[in-house]
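*Asks:* pasting the sequence and the predicted model now:
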Amino acid sequence: MSKKVKDFGIEKTLKNLGIKEENKGTSTGGKYFASGKVIESISPVDGKLIAKVKTSGESDYDKVIETAQKAFQEFRLIPAPKRGEMVRQLGLKLREYKDDLGKLVSYEMGKSLQEGLGEVQEMIDICDFAVGLSRQLQGYTMHSERPGHRMYEQYHPLGVVGIITAFNFPVAVWSWNTALAWICGNVTIWKPSEKTPLCAIACQNIMMEVLKENNLPEGVSSVLVSDHEIGQKLVDDKRVALVSFTGSTRVGRMVSSKVAERFGKSILELGGNNAIIITKEADIDMSIIGAVFGAVGTAGQRCTSTRRLIIHESVYNEVKTRLTKAYGQLKIGNPLDENNHVGPLIDTDAVNQYEEAIKKCKKEGGKFVVEGGVLTGKDYESGCYVKPCVAEVKNSYEIVQHETFAPILYLIKYKTLEEAIAIQNDVPQGLSSAIMTQNLREAELFLSHAGSDCGIANVNIGTSGAEIGGAFGGEKETGGGRESGSDAWKYYMRRQTNTINYTAQLPLAQGIKFDL
Ligand SMILES: NC(=O)c1ccc[n+]([C@@H]2O[C@H](COP(=O)([O-])OP(=O)(O)OC[C@H]3O[C@@H](n4cnc5c(N)ncnc54)[C@H](O)[C@@H]3O)[C@@H](O)[C@H]2O)c1
């Protein structure tokens, strides 16, 4: 391992998290096993091999599913508040491992250390949220039209929940799903991104402590580290009651139809194309900070990253000038070094897509006010570091309609707020949106039914990031799913209406007569 890596304490972090030089990628909670091919986890930070993982093969898959099905029979009988107590313990363990796990997220995925730690904090937050929720899985009661009858509804667990996750949130999305799935009485099988396998093994190692201390059976929380083929098996498998998929719209479209074909349930958390409207009444200082963080945070690889700024014509030039200045101050480099603002992209494929998008944008007429480019030299040896860039465009350009997972920010000018809202909504995706304004009328119009069509609409904060207390997800090609807070737990349960007759008569609904 290079000296530079040692300086950031990575070796110790890997040891603390139980990551070995060679790891097996399948676990049902006890010992790891694996029969698939070996993959290497290469850090985008310095291009070095972090560790190898033997992935899950087909026979491992069947074993995991069968074990999970068996575990469900037992786990569902544990009272929900007791399952909540186990989630509380997971939250405590995550607090213990926060520094190490946050650092691994940063080193394996490439986001800044601050964002890596923030991701682990989200895991802790969802655990805390789920503990309280475990006593509040409430259904309605209703009055029956028949005398001596009572009606109510209750929620029951689904069974096996498959969780397929993207590389850019390599730990948090698993915990969002697992904490809720667990309190609802389900067991989980996680297929993480093959680009961040070590984060998954680290999470499972932490989880294994909870499983052991609570004497839980094998199969309550399983992991299948593998590529898309095993993901595809989960999608096609009738034994998997709910598939929670986080990833690209391209793959999500296929997941959606395959799961629907077999009448399974799915939660789809897909791509975004998020915009901030900066009105003539915006606080420009705040707008610049919100826009820059939104566009360059996680090197533009958040589903909620700011991709478009829709700016009122009267403040357009001021915003453009100040943005250009702010971009000039950005420090790009090792994300473990807290002096840097921007880390690398996940891999060189992502770099190629970034370059391709810039080319396409120029071809369609885009004018770059901050030029992009791939960085070279000794600090950028992995080949994954790129310059965040800014282009003046039309919303109708094909490339602007598309989510490029990289720090490319598009500027669009508008005259009236109605026009700005129409531009904001005129993309296939519908995840996150924001307006910067100090004018109540503008803010309320943006939030109204004639306003943003996104799952998330913010006022005077950017598009990027969200608290776990709200339901998270988006509309249109973002998939329509909701995870995390509010009543998103209902996705993880089946709903049952119960009518109880406590009389000696059998009256039928709607007054129907039936005598023998
Ligand atoms: N809306 C959200 O909450 C949210 C959050 C994070 C990321 N994302 C989106 O994820 C994308 C980036 O992540 P990515 O590049 O890892 O996405 P991706 O779609 O390439 O992969 C996501 C996951 O799907 C698996 N997969 C690939 N093909 C599959 C198949 N045929 N069947 C089953 N599984 C399959 C992958 O192995 C991976 O685990 C972006 O579009 C981003 O916006 C959305």
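*Replies:* Okay, I see it. Bear in mind the structure is a predicted one, so any value in this text is a computation, not a measurement.
*Asks:* up against the ligand, what does the stretch 251-400 of the chain have?
*Replies:* Contact residues, the stretch 251-400 of the chain versus the ligand (Cβ under 6 Å from any ligand atom): V251, M254, V255, E269, L270, G271, G272, C303. (C-beta placed from N, C-alpha, C; glycine too.)
*Asks:* burial of the closest residue to K54 other than its chain neighbours, as a residue count?
*Replies:* In space, K54 comes closest to A34 once its chain neighbours are excluded; the distance is 4.0 Å by Cβ to Cβ, 6 or more residues apart in numbering. If you count neighbours by other Cβ atoms under 10 Å, A34 ends up with 20.
*Asks:* do the same with Y61
*Replies:* Residues near Y61, counting by other Cβ under 10 Å, number 22.
*Asks:* do the same with the one 10 residues further on
*Replies:* Here the count is done by other Cβ under 10 Å, and A71 has 22 residues near it.
*Asks:* what of E218?
*Replies:* The local packing of E218 (other Cβ under 10 Å) involves 18 other residues.
*Asks:* please name the residues that touch it.
*Replies:* Contacts for E218 (Cβ atoms under 8 Å, 6 or more residues apart in numbering) come out as T28, G29, G30, T67, A71.
*Asks:* name the nearest residue to it, sequence neighbours excluded.
*Replies:* Nearest-residue entry for E218: T28, 4.3 Å, with adjacent residues in sequence omitted and distances by Cβ to Cβ, 6+ apart.
*Asks:* please tell me the pLDDT value assigned to that neighbour.
*Replies:* Looking at T28, its pLDDT reads 98.
*Asks:* wouldn't it be in contact with Q69 here?
*Replies:* No. Between T28 and Q69 there is no contact under Cβ atoms under 8 Å: 11.2 Å.
*Asks:* and stretch 81-97, C-alpha only, in PDB?
*Replies:* Listed next in PDB are the C-alpha coordinates belonging to stretch 81-97 (Å, rounded to 0.1, in the frame of the first residue of the first chain):
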ATOM      1  CA  PRO A  81     -40.900  -2.900  19.100                       C
ATOM      2  CA  LYS A  82     -38.400  -5.700  19.800                       C
ATOM      3  CA  ARG A  83     -37.200  -5.600  16.200                       C
ATOM      4  CA  GLY A  84     -37.000  -1.900  16.800                       C
ATOM      5  CA  GLU A  85     -34.700  -2.500  19.700                       C
ATOM      6  CA  MET A  86     -32.400  -4.500  17.300                       C
ATOM      7  CA  VAL A  87     -32.400  -1.500  14.900                       C
ATOM      8  CA  ARG A  88     -31.500   0.700  17.900                       C
ATOM      9  CA  GLN A  89     -28.500  -1.500  18.500                       C
ATOM     10  CA  LEU A  90     -27.500  -1.200  14.900                       C
ATOM     11  CA  GLY A  91     -27.600   2.600  15.300                       C
ATOM     12  CA  LEU A  92     -25.300   2.300  18.300                       C
ATOM     13  CA  LYS A  93     -22.800   0.200  16.400                       C
ATOM     14  CA  LEU A  94     -22.800   2.600  13.500                       C
ATOM     15  CA  ARG A  95     -22.000   5.400  15.900                       C
ATOM     16  CA  GLU A  96     -18.900   3.400  17.000                       C
ATOM     17  CA  TYR A  97     -17.800   2.700  13.500                       C
END
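*Asks:* in whichever strand or helix holds C361, what's buried?
*Replies:* According to DSSP states H and E, C361 maps onto helix 348-364. In terms of neighbour count (16 or more other Cβ atoms under 10 Å), helix 348-364 has its buried residues at T348, A350, V351, Y354, A357, I358, K360, C361.
*Asks:* who's in contact with the third one?
*Replies:* Put plainly, it is V351. Per Cβ under 8 Å, 6+ apart, neighbours of V351: L345, V374, G383, C384, V386.
*Asks:* what distance do you get for the closest residue in space to the third one that isn't next to it in sequence to the ligand?
*Replies:* For G383, ignoring the flanking residues on the chain, the nearest one in space by Cβ to Cβ, 6+ apart is T348 at 5.3 Å. With distances taken as Cβ to the nearest ligand atom, to the nearest Å, T348 is found 14 Å from the ligand.
*Asks:* now do R135
*Replies:* Distance, R135 to the ligand, by Cβ to the nearest ligand atom: 27 Å.
*Asks:* I'd say that residue and G84 touch.
*Replies:* Yes. R135 is within contact range of G84, at 6.9 Å (criterion: Cβ under 8 Å).
*Asks:* what about these two, which has more around it?
*Replies:* More crowded of R135 and G84, by other Cβ under 10 Å: G84, with 23 against 12.
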